[in-house]
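>>> turn this into a model:
(one chain, ligands or ions: 1)
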Amino acid sequence: MNLACAYGDLVGLGHRRRLAQFFTPPPIARFMVDWVLSGRHGRANKVHDPAFGLGAFFENAPEECEFTGGDADDAILAFFSEHSRRMPSRLSKTDYLLDFGSRYDNIVCNPPYLRFQKFLNRDAVAAAFAERLGVRLSGYTNIASAFLVKSISELKRGGRLAYIMPSEFLNAGYGAMVKEWLIRDGHLDSVIEVECEKEAFDEVTTSVCIVLFDSSRRLDAVSFRKVAAVGDFPTVMERPPVNAVPAGRLSPREKWERFFVPPGESVKPALGRLQRLSEYGRFSRGIATGANAFFVLSRSDIASKGLSDGDCVPCITKSQQLKKAVFTDEDFCRLSDEGAGVHLFSPGDAPDAAALEYIHEGEKIGYDKGFITRHRRPWYRTERRKVSPLLFNVFSRGGYKVVRNYSSALTLTNFHCFYPNPLREGYVDVLFLYLLSRTGRRILSLSKRRYGNSLDKFEPNDLNMALVPRREFFDSLDQGRLRRAMEAVRHGEDVAGWLEARFQSLLLPEGAKQDDWSAGADNSAGKPVQLCFAL
Ligand SMILES: C[S@@+](CC[C@H](N)C(=O)[O-])C[C@H]1O[C@@H](n2cnc3c(N)ncnc32)[C@H](O)[C@@H]1O
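Model (predicted):
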């Protein structure tokens with residue numbers, strides 16, 4: 001049995017998850033250590049790992065290397081010390097995020113991937129980062145980002161740093177702070193997308209990249225590279241990058257995932273015809289009940305509990321319930337008749353006797369004590385929402401689902417709900433057709449976040465900031481034909497070709513000139529649309 005399995009058996013998965021103890025495969029660890037040691041300070045032969053774990057980097061460093069490490073967990077350090085045949089020059093129990101004042105020649109790290117919001121020490125860490133580094137850590141950030149900026153601040157001049165990071169920061173709003181630190185002095189060498197994430201990090205559910213930072217040089221361009229198999233790591237730096245983006249053209253507020261697309265295949269929106277979706281309205285999350293097992297009911301549940309129709313409202317509760325691009329009341333009734341849980345318990349201000357009894361039943365089970373329910377008054381009153389005419393699923397694989405909702409059903413958090421501005425209600429259908437089209441999907445892909453295992457995610461704000469046609473563009477389309485296209489979609493007909501012909505001019509043809517990296521055209525509010533996807 002290898003060391004990681006023996007350790008896992010000893011401490012259990014709960015302990016490992018709490019401290020994000022997932023381990024780097026040897027070929028990746030070796031590649032990262034070799035890279036930092038081949039820099040200017042490589043000759044000093046010193047490497048530090050602030051999240052040491054079971055020493056994956058140490059084990060793959062040359063024996064003569066002066067390796068130091070720290071880890072916040074006594075258990076893992078004790079296990080390593082007991083079982084390792086050799087020890088680093090120094091290994092200490094250290095909470096890296098609270099330990100300031102050291103400088104290192106070279107740093108390698110696979111930091112813990114934990115949401116900052118869930119981090120126990122977060123107030124102390126936030127205060128220390130503000131005071132020592134002048135960094136305000138957003139609640140949305142993750143511990144890995146905090147590790148990375150701290151390591152950049154501790155790298156000696158001339159040293160190198162190699163970090164494994166959850167790729168989310170490349171596109172997420174909170175990632176702007178990290179990207180700013182990475183590019184501020186022109187030392188970012190490469191970002192490597194680990195395409196073989198399942199092979200490399202089978203326990204980790206996020207997609208992963210490796211950041212290479214060299215403080216000995218000012219680099220003219222940042223290389224965006226991809227590695228398709230773990231065995232390809234030794235030669236990744238010898239192969240040409242997918243993209244070499246001039247350092248001066250990278251903005252921290254840009255979404256960087258798109259740089260992993262080769263230039264010939266990249267999506268180049270015609271910015272002069274586009275504006276932010278927020279011009280038409282806003283997406284927001286669906287309803288969070290805090291206890292779906294209590295609030296989601298089927299028709300037979302309603303009958304068996306003696307509840308009345310007025311105690312429930314129609315509600316989509318699972319992404320799979322919407323199979324077509326259009327959803328009507330008939331579709332809803334069919335689901336309800338089939339016994340699907342599509343009724344949300346939502347009693348009025350004065351619940352009747354049957355509803356009160358159901359509420360007491362829920363309290364006996366403890367549904368009123370959940371994180372969301374205990375902060376709600378009364379706990380059983382879910383959000384009152386208007387029905388949204390346009391639904392967009394949060395997670396998707398191989399393309400998102402967008403649904404024109406003609407029914408009176410609400411939706412839970414599996415879908416984001418679009419609420420048009422009162423003056424823009426007339427644009428809902430044409431927005432829907434755009435989002436459905438291949439061109440719309442390609443342009444929207446610039447706004448998504450990539451998770452592990454080819455899972456894509458959109459947050460409401462990713463959608464609100466996404467690029468959609470300007471009103472003038474929509475107004476110029478033949479309105480009669482648009483209505484017929486909507487009818488055709490309602491009847492399940494294939495309108496992909498027609499939509500493509502309408503919307504393809506929203507993408508620039510291959511080789512067309514536009515300053516596609518930076519500024520674009522004006523939107524209707526007179527502000528420039530930037531392709532840097534500021535969040
Ligand atoms: C993803 S593991 C990496 C372990 C090892 N370096 C590797 O690459 O296989 C992250 C390690 O960080 C440690 N850790 C978690 N929070 C920490 C903190 N605040 N300071 C230092 N180490 C921490 C965990 O105990 C865990 O061993």
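>>> tally of neighbours for the residue in the chain that the ligand sits nearest to?
The ligand sits closest to residue 53 of the chain, with a gap of 2.4 Å, by C-beta to the nearest ligand atom. All C-beta spots, glycine's among them, are computed from the backbone N, C-alpha and C. Residue 53: 26 surrounding residues under other C-beta atoms under 10 Å.
>>> shouldn't it be within a strand?
No: going by DSSP: H, G, I helix; E, B strand; the rest coil, the assignment for residue 53 is coil, not a strand.
>>> these two touch, right, residue 92 and residue 70?
Yes: between residue 92 and residue 70 there is a contact at 5.2 Å, judged by C-beta atoms under 8 Å.
>>> higher neighbour count, the two?
residue 70 (19 against 12).
>>> give me the element that one is part of.
strand 66-71 (DSSP states H and E).
>>> touching the ligand at all, the following helix or strand past that strand?
Per DSSP H and E, strand 66-71 leads on to helix 74-83 as the next helix or strand towards the C-terminus. Yes: for helix 74-83 and the ligand, the contact criterion (C-beta under 6 Å from any ligand atom) is met by residue 76.
>>> restrict helix 74-83 to CA atoms and write it as CSV.
Output in CSV follows, covering the C-alpha atoms of helix 74-83 (Å, rounded to 0.1, in the frame of the first residue of the first chain):
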residue,chain,number,x,y,z
ASP,A,74,0.0,17.7,13.1
ALA,A,75,-1.4,14.4,12.0
ILE,A,76,0.0,14.4,8.5
LEU,A,77,3.4,15.7,9.6
ALA,A,78,3.6,13.0,12.3
PHE,A,79,2.7,10.3,9.7
PHE,A,80,5.2,11.6,7.2
SER,A,81,8.0,11.8,9.8
GLU,A,82,7.3,8.2,11.0
HIS,A,83,7.2,6.7,7.5
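>>> so for that helix, mean pLDDT?
Mean pLDDT, computed over helix 74-83, is 95.
>>> partners of whatever helix or strand comes next after that helix in the sheet?
Moving toward the C-terminus from helix 74-83, the next helix or strand (DSSP H and E) is strand 90-93. In the sheet, strand 90-93 lines up against strand 66-71 (parallel) (DSSP bridges).
>>> which bits of this protein sit near the ligand?
Listed as neighbours of the ligand in the chain under the rule C-beta under 6 Å from any ligand atom: 19-24, 49-53, 56-57, 70-73, 76, 95-97, 110, 112.
>>> which ones are touching the nearest residue to residue 413 once chain neighbours are set aside?
Leaving aside its chain neighbours, residue 413 sits nearest to residue 286 (4.6 Å; criterion: C-beta to C-beta, 6 or more residues apart in numbering). By C-beta atoms under 8 Å, 6 or more residues apart in numbering, the residues touching residue 286 are 316, 410-417.
>>> kindly check the end-to-end length of stretch 88-108 for me.
Counting by C-alpha to C-alpha, to the nearest Å, you get 14 Å between the two ends of stretch 88-108.
>>> so what's the gap between it and the chain middle?
On the basis of C-alpha atoms, centre = their mean, to the nearest Å, stretch 88-108 sits 29 Å off its chain's mean C-alpha point.
>>> how about it: buried residues?
Buried residues in stretch 88-108, counted by 16 or more other C-beta atoms under 10 Å: 88, 91, 94, 96-97, 104-108.
>>> so what touches the lengthiest strand in the chain?
The longest strand of the chain (DSSP state E) is strand 155-166. Residues outside strand 155-166 that contact it (C-beta under 8 Å, 6+ apart): 24, 28, 32-33, 35-36, 39-42, 103-111, 113, 142, 144-145, 147-148, 151-152, 206-216.
>>> just the buried members of the contacts of residue 286?
Buried among these by 16+ other C-beta under 10 Å: 316, 410-412, 414-417.
>>> from these, pick the one nearest residue 379.
Of all the buried ones among the contacts of residue 286, residue 379 sits closest to residue 412, with 17.1 Å by C-beta to C-beta.
>>> show me what that closest one is bridged to.
Under the criterion used (DSSP bridges), residue 412 bridges to residue 287.
>>> correct me, but it touches residue 285?
No: contact status for residue 412 versus residue 285: not in contact, 9.2 Å apart, counting by C-beta under 8 Å.
>>> out of everything not next to it in sequence, what's closest to residue 172?
Nearest non-adjacent residue to residue 172, counting by C-beta to C-beta, 6+ apart: residue 449, 6.0 Å away.
>>> try residue 130
Closest to residue 130 by C-beta to C-beta, 6+ apart is residue 136, at 6.0 Å.
>>> ok, that neighbour to residue 98 distance?
Using C-beta to C-beta, to the nearest Å, residue 136 is found at 17 Å from residue 98.
>>> for residue 455, same thing?
Residue 455 sits 33 Å away from residue 98, taking C-beta to C-beta as the criterion.
>>> what of residue 14?
Per C-beta to C-beta, residue 14 is found 24 Å from residue 98.
>>> likewise for residue 186?
In terms of C-beta to C-beta, residue 186 sits 30 Å off from residue 98.
>>> swap in residue 450?
Distance of residue 450 to residue 98, computed by C-beta to C-beta: 31 Å.
>>> repeat that for residue 397.
Counting by C-beta to C-beta, the gap from residue 397 to residue 98 is 39 Å.
>>> ok, back up a step: of the residues of the chain next to the ligand, buried ones?
The buried subset of the residues of the chain next to the ligand - by 16+ other C-beta under 10 Å - is 19-24, 49-53, 56-57, 70-73, 76, 96-97, 110, 112.
>>> and stretch 388-408, average pLDDT?
In this model, stretch 388-408 carries a mean pLDDT of 93.
>>> and it, what's buried?
Neighbour count says stretch 388-408 has 388-394, 396, 400-407 buried, by 16+ other C-beta under 10 Å.
>>> what about the residues you listed, which are in strands?
390-393, 396, 402-405.
>>> using TSV, lay out these together with distance to residue 425.
Formatted as TSV, those follow (distance: C-beta to C-beta, whole Å):
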residue	distance to residue 425
390	11
391	16
392	17
393	22
396	26
402	17
403	17
404	13
405	14
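>>> for the stretch 151-300 of the chain, give me the ranges with low pLDDT.
204-205 (pLDDT under 70).
>>> now the strands for it?
Ranges of strands within the stretch 151-300 of the chain are 155-166, 188-194, 208-214, 221-227, 243-246, 274-276, 281-285, 296-297, based on DSSP state E, counting those that start in this stretch.
>>> the residue nearest to residue 441 when sequence neighbours are not counted and residue 461: what is the separation?
The shortest distance from residue 441 to any non-neighbouring residue, by C-beta to C-beta, 6+ apart, is to residue 399 (6.2 Å). Here residue 399 is placed at a distance of 21 Å from residue 461 (C-beta to C-beta).
>>> do residue 507 as well
23 Å.
>>> let me see the domain layout of this protein.
Under automatic domain parsing, the residue ranges defining each domain of the chain are 3-265, 267-288+385-535.
>>> verify the stated contact: residue 456 with residue 446.
No: look at residue 456 against residue 446 with C-beta under 8 Å: they stay out of range, at 11.8 Å.
>>> so which residues of the stretch 301-450 of the chain form helices?
Under the criterion DSSP state H, counting those that start in this stretch, the stretch 301-450 of the chain contains helices at 329-337, 353-365, 428-436, 438-444.
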